[in-house]
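> Predicted structure and sequence below. I'll ask about it afterward.
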Amino acid sequence: MIATYSDLKDKVILVTGAARGIGKQISLALASQGAHVVFNYRGDETKAAALKEELVAAGGQATGLQFDVTDYEAMTKALDQFTKTVAPISGLVNNAGISKDTLLLRLKPDEINSIIDTNLKGCMLVTQALSRNFLKAENVSIVNMGSIVGLMGNASQSAYAASKAGMIGFSKSVAKEMASRNVRCNVICPGFIQTEMTEALNDKAKEEYSKSIPLARFGSSEEVASLTCFLLSQASSYVTGEVIKIDGGLYI
């Protein structure tokens, strides 16, 4: 169950990586609060139109912007046009991310670049591109989607862990730098969450992973969305620079 936050109604919030999984659930949760959800898409206009319809049906407003988070020129152009002609963006969820699970000795340089560019550099560039806009908006909240792996590390995920650990350092710096402008920045670190990625695991693997979780289950994307809504709302107005785990007690 997601609590209702009245201040999220009509709040303009950009969610990257909103096409599926956690990002899509966050977008739907925000739409159900009456928010104006802005999402990016890379090229499939049919899927973007379908997502927009879903968000409107959920109760919100929706705008799709065509850009990749690693393409700074296209991204800044799209965001500038939106913020100047529609409204300032007062919420940001940096959720776009990729992973490549492989042993370090087999990890290729282009794979490292791709993971860092999307997960860390993409988050930094989107936040930087909106930083001037944030000065014109009210009650700005940034939520960066990290990972429990960025805190504890994990075999075969060295590049992914590095990108998420870097996101934590970046987020704390943003929280300190922009606090005087009433801009908040926090990180959510999910553990094992039921998504398309975890559904690909066989039953034995799921059972073994669950044994390491004190709550003995995977989390849901709805639970991550609920925490995200809280951090974007004024219910968390005195929370900034925090790294909040949502992992069922996996990393205590």
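Alright, I've got the coordinates.

> Every contact and neighbour count from this point should use C-alpha atoms.
Noted.

> Contacts for stretch 164-172 next, please.
Residues outside stretch 164-172 that contact it (C-alpha atoms under 8 Å, 6 or more residues apart in numbering): 119-120, 123-124, 144, 146-147, 149-151, 185-187, 241-243.

> switch the cut-off to 6 Å
120, 146, 150, 241 (C-alpha atoms under 6 Å, 6 or more residues apart in numbering).

> Among these, which one sits closest to residue 95?
Nearest to residue 95 among the contacts of stretch 164-172 is residue 146, at 8.1 Å by C-alpha to C-alpha.

> right, and that closest one touches residue 189 too?
Yes: when contacts are counted by C-alpha atoms under 6 Å, residue 146 is listed as touching residue 189 (4.7 Å).

> Who has more neighbours out of the two?
residue 146 (31 against 20; other C-alpha atoms under 10 Å).

> State the next helix or strand along the chain beyond the helix or strand harbouring residue 110.
Element membership for residue 110 (DSSP states H and E) is helix 109-115. Next helix or strand after helix 109-115 toward the C-terminus (DSSP H and E): helix 122-134.

> Can you give the distance from that following helix to the centre of its chain?
Put simply, helix 122-134 sits 14 Å off its chain's centre (C-alpha atoms, centre = their mean, to the nearest Å).

> How about stretch 52-61?
That offset, for stretch 52-61, works out to 19 Å (C-alpha atoms, centre = their mean).

> Please enumerate residues in contact with it?
Taking C-alpha under 6 Å, 6+ apart as the rule, stretch 52-61 contacts 28, 31, 32, 34, 35, 36, 62.

> Among these, which one sits closest to residue 71?
After measuring those against residue 71 - C-alpha to C-alpha - the closest member comes out as residue 62, at 22.0 Å.

> Which members of the contacts of stretch 164-172 are the farthest-apart pair?
120 and 241 (16.8 Å).

> Give me the neighbour count for residue 154.
14.

> A strand includes it, no?
No: counting by DSSP: H, G, I helix; E, B strand; the rest coil, residue 154 is not part of a strand but coil.

> Let me see the contact set for the residue lying closest to it once chain neighbours are set aside.
Leaving aside its chain neighbours, residue 154 sits nearest to residue 161 (7.1 Å; criterion: C-alpha to C-alpha, 6 or more residues apart in numbering). Shown in contact with residue 161 (C-alpha under 6 Å, 6+ apart): 149, 150, 153.

> Can you say which of the contacts of stretch 52-61 are buried?
Buried members of these, scored by 16 or more other C-alpha atoms under 10 Å, are 28, 31, 32, 34, 35, 36, 62.

> How much space separates the second one from residue 86?
Read that as residue 31. 18 Å (C-alpha to C-alpha, to the nearest Å).

> And the helices in the stretch 101-250 of the chain?
Taking DSSP state H, counting those that start in this stretch to define them, one finds helices in the stretch 101-250 of the chain at 109-115, 122-134, 149-152, 158-178, 196-199, 203-211, 221-232.

> Longest strand of this structure, counting residues only.
Secondary structure of the chain read by DSSP state E shows that its longest strand is strand 183-190.

> Now for the buried ones among the contacts of stretch 52-61: which two are most distant?
Largest separation among the buried ones among the contacts of stretch 52-61 by C-alpha to C-alpha: 32 and 62, giving 11.5 Å.
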